[in-house]
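Peer 1: what would the 3D arrangement of this be:
(2 chains)
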Protein chains: 2
Amino acid sequence: MIAYTPNPELDLILERTVDVAPELVWKAWTTPELLVQWFAPKPWSTTSCEIDLQPGGKFDTTMRSPEGDEYPSSGCILVVEEGSRLVFTSGLGPGFRPQIAEDGFPFTAIISIEPDGSGTKYTATGIHADASSRKSHEDMGFAEGWGMALDQLVDVAKSL
Amino acid sequence: MIAYTPNPELDLILERTVDVAPELVWKAWTTPELLVQWFAPKPWSTTSCEIDLQPGGKFDTTMRSPEGDEYPSSGCILVVEEGSRLVFTSGLGPGFRPQIAEDGFPFTAIISIEPDGSGTKYTATGIHADASSRKSHEDMGFAEGWGMALDQLVDVAKSL
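Peer 2: Numbers count the residues shown, from 1 in each chain, chains lettered A, B, ... in the order given. All right, here's what the predicted structure looks like:
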């Protein structure tokens, strides 16, 4: 895939180094039974996850609010670079089928996993159609939410 | 990528066997200087084309109507299987950035190129978000337009 250069007016980035090995971060992202343990920042939870890990494959999750409401989300895997990069989008569904967000906004995520000593440099980039979508995602708590999910991911990875 | 199974309620398909070799069909699709010669069914024309032939790369074209109006379109390459399959979408722009169609509808195209004797079995699949987008694309003349463009592609390929 292309070498992606973020656009600060349209993208949101979470970049951190964590003390688990890259292969465990990859495993936690790409194994549904592991992903459900960390993907939603508590007290939210993830009640289901289906991943078909190839371009055009589904990336489907359902999150549950503390009140018990469920929020299913269907996306499409775009790029699978084993152990180092995963790209998916909510702008397309399985089979690359365009899907139009009825509420909310579509976004693409690039998860980049690089070795850093015995740990991992982790970069999650959220790519939006326009500045207002970026702002909505930021106001929803992108930094806190994705940061807390990463803390949870690290706990899951360490338990493996 | 996944093995794609078309959905007749949401997809449009043009399938034909043409008497030019698969590698020439691939070349005509992926070389901007060639694509501008056949991409728009006459009397429309294609006035510019930029292709960055890798996942996340741009697939940009501008078509000109017989009246001289120009219609630029920006899309994203999703899959490049050299010589056999090209997938791109207007639902995302370059860098996999979601883009929201202001008018019209987004669609994904899978161009499949298979050897058939000395010729090529050519299949173009248009993938839409919903039945009304499929209908709009059909009413715009998908079958005639893509068919005429394929005739033009064959002429270009034979001239190489």
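Peer 1: only C-alpha atoms for contact and neighbour calcs from this point on.
Peer 2: Fine.
Peer 1: need the residues of chain A near chain B, please.
Peer 2: Within chain A, the positions adjacent to chain B are A:1-2, A:4, A:54-57, A:78-79, A:89, A:91-92, A:95-100, A:106-108, A:127-129 by C-alpha under 8 Å from any C-alpha of the partner chain.
Peer 1: let me see the contact set for A:Arg16.
Peer 2: By C-alpha atoms under 8 Å, 6 or more residues apart in numbering or on different chains, the contact list for A:Arg16 reads A:Lys121, A:Tyr122, A:Thr123.
Peer 1: quick check: of the residues you listed, which lies closest to chain B?
Peer 2: A:Thr123 (16.1 Å; C-alpha to the nearest C-alpha).
Peer 1: skipping adjacent residues, who's closest to the closest one in space?
Peer 2: Once flanking residues are discounted, A:Thr123 sits nearest to A:Glu15: 4.4 Å by C-alpha to C-alpha, 6 or more residues apart in numbering or on different chains.
Peer 1: chain center to the helix or strand encompassing the one you found, what's the gap?
Peer 2: Using DSSP states H and E, the element containing A:Glu15 is strand A:11-18. Strand A:11-18 sits 11 Å away from the centroid of its parent chain (C-alpha atoms, centre = their mean, to the nearest Å).
Peer 1: in its sheet, what does that strand sit against?
Peer 2: strand A:119-128 (antiparallel) (DSSP bridges).
Peer 1: from the chain's centre, how far out does the strand it pairs with sit?
Peer 2: A distance of 9 Å separates the centroid of the chain from that of strand A:119-128, by C-alpha atoms, centre = their mean.
Peer 1: which non-adjacent residue is nearest A:Asp11?
Peer 2: A:Asp11 sits nearest to A:Ile127 (C-alpha to C-alpha, 6+ apart), 4.7 Å away.
Peer 1: so who does that neighbour touch?
Peer 2: A:Leu10, A:Asp11, A:Leu12, A:Phe107, A:Thr108, A:Ala109, A:Arg134, B:Phe96, B:Arg97, B:Pro98.
Peer 1: give me the distance between it and B:Ser159.
Peer 2: From A:Ile127 over to B:Ser159 the distance is 42 Å, taken as C-alpha to C-alpha, to the nearest Å.
Peer 1: got it, and A:Glu138?
Peer 2: Going from A:Glu138 to B:Ser159 by C-alpha to C-alpha gives 53 Å.
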